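Q: I need the structure of the sequence given here:
(one chain, ligands or ions: 1)
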Amino acid sequence: MTSKPKLGQNFLADPAAAYAIVQALGDISAGTVLEIGPGKGAITSLLAARAGHLVAVDLDASLAARLTSEYAMDDRVEVLHHDILTLDMAGLLPNTGGKLAVVGNLPYYITSPILLHLFEHANVIDRAVIMVQREVADRIAAAPGTRDYGLLTATTQLFARVENLFTLPPSAFSPPPEVYSTVLRLTFASRLADLGIDRLGFIKFLKESFAQKRKTLANNLRFAGHGPENVAAAFRRTGISSTIRAEALPLEEAARLYRDLQDSEQSAQ
Ligand SMILES: C[S@@+](CC[C@H](N)C(=O)[O-])C[C@H]1O[C@@H](n2cnc3c(N)ncnc32)[C@H](O)[C@@H]1O
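A: Numbers count the residues shown, from 1 in each chain. Got it, this is the predicted structure:
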């Protein structure tokens, strides 16, 4: 049995991959870059040489201390010993505004929570280049109607355009993980306004929709507490098949159903 490194610590040992990740961020010379989990600094050193301002955040106290002393003389680099999941990202930007470029070889044990945290800060993020487990990348980039399409896909595509850049084998890391890894670029562009939906309500609706993969969308919505008559009427009015499963429904259709259901529930109050 292979032991799992603590805090998802599989360090990148492929300099060409580190370079490609930083290149994928585009021009970072004027803005603020947030690096999630810099670890021993495989990507950090390339970022530090290019970024206008770099904030590197690691939960591991000894790794954060090591990087802090390495960059003590560079006032463009800030190392924070902090949990990324509780970091207020808006607070990293200067008073003059701008948006963050986010980068990281993510700790895989908390990939989904990190993504959700990024989406909560979508209004202050311009783009993100992140390394995730290959299977998770496939889910994030999936098209509706495919097996991989799910809650993570819909949520991500609500906030960003997704590009699959390249995949690395376990041997690109030390220690090697048990899985392949894929680098994605997310170009943030929220679809909330064009779909006419509110963030919290629609994300709750998506969670309800995907709660049980084997059930139809209508069953999941009823199970979540929406009145059977309201659910049936929403499917009828929108013309969406009442036997459809959530993974087959494109975001635009899901938003239409959500708006209709919400309108009828509000007018019944
Ligand atoms: C996969 S390693 C990547 C390290 C380095 N960037 C590299 O590519 O070699 C993930 C890093 O995330 C850090 N980490 C784990 N959980 C974290 C959290 N909740 N907040 C911030 N950093 C975290 C780990 O300590 C580790 O340094």
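
Q: okay, CA-based contacts and neighbour counts for the rest of this
A: Noted.

Q: tell me which residues touch Glu208, please.
A: Neighbouring residues of Glu208 by C-alpha atoms under 8 Å, 6 or more residues apart in numbering: 220-221, 224.

Q: I'd like to know how many residues surround Val22.
A: Val22 has 20 neighbouring residues, counting by other C-alpha atoms under 10 Å.

Q: list the buried residues in the helix or strand where it lies.
A: Val22 belongs to helix 15-24 when assigned by DSSP states H and E. Neighbour-count burial for helix 15-24 flags 17-18, 21-22, 24 (criterion: 16 or more other C-alpha atoms under 10 Å).

Q: which strands or helices does the following helix or strand past that helix pack on?
A: Later in the chain than helix 15-24, the nearest helix or strand by DSSP H and E is strand 32-36. With contacts taken as 3 or more C-alpha pairs under 8 Å, 6 or more residues apart in numbering; DSSP states H and E, strand 32-36 sits against strand 53-58, strand 100-105.

Q: near the ligand at all, the helix or strand just after strand 32-36?
A: Moving toward the C-terminus from strand 32-36, the next helix or strand (DSSP H and E) is helix 44-50. No. Using C-alpha under 6 Å from any ligand atom, helix 44-50 never reaches the ligand; the gap is at least 7.2 Å.

Q: returning to what we had before: and the helices and strands packed on strand 32-36: which comes nearest the ligand?
A: Closest to the ligand of the helices and strands packed on strand 32-36 is strand 53-58 (C-alpha to the nearest ligand atom; 3.6 Å).

Q: from the chain's centre, how far out is the closest one? Work that out for me.
A: Relative to the chain's own centre, strand 53-58 is displaced by 18 Å; criterion: C-alpha atoms, centre = their mean, to the nearest Å.

Q: who's in contact with the helix or strand just after that strand?
A: Remark: after strand 53-58, the chain's next helix or strand is helix 61-70, criterion DSSP H and E. With contacts defined as C-alpha under 8 Å, 6+ apart, helix 61-70 is touched by 39-41, 57-58, 78-81.

Q: please redo it, this time with the cut-off set to 7 Å
A: Applying C-alpha atoms under 7 Å, 6 or more residues apart in numbering, the contact partners of helix 61-70 are 39-40, 58, 79-81.

Q: the residues you listed: which ones sit near the ligand?
A: Checking those against the ligand (C-alpha under 6 Å from any ligand atom), the matches are 39-40, 58.

Q: what's the longest helix in the chain?
A: Ranked by number of residues, the top helix in the chain under DSSP state H is helix 251-267.

Q: what's it packed up against?
A: helix 228-238 (3 or more C-alpha pairs under 7 Å, 6 or more residues apart in numbering; DSSP states H and E).

Q: return the distance of the helix it packs on from the chain's centre.
A: On C-alpha atoms, centre = their mean, the centre of helix 228-238 falls 32 Å from the chain's centre.

Q: ok, and for it, which residues are buried?
A: So for helix 228-238, counting by 16+ other C-alpha under 10 Å, buried means 230-231, 233-235.
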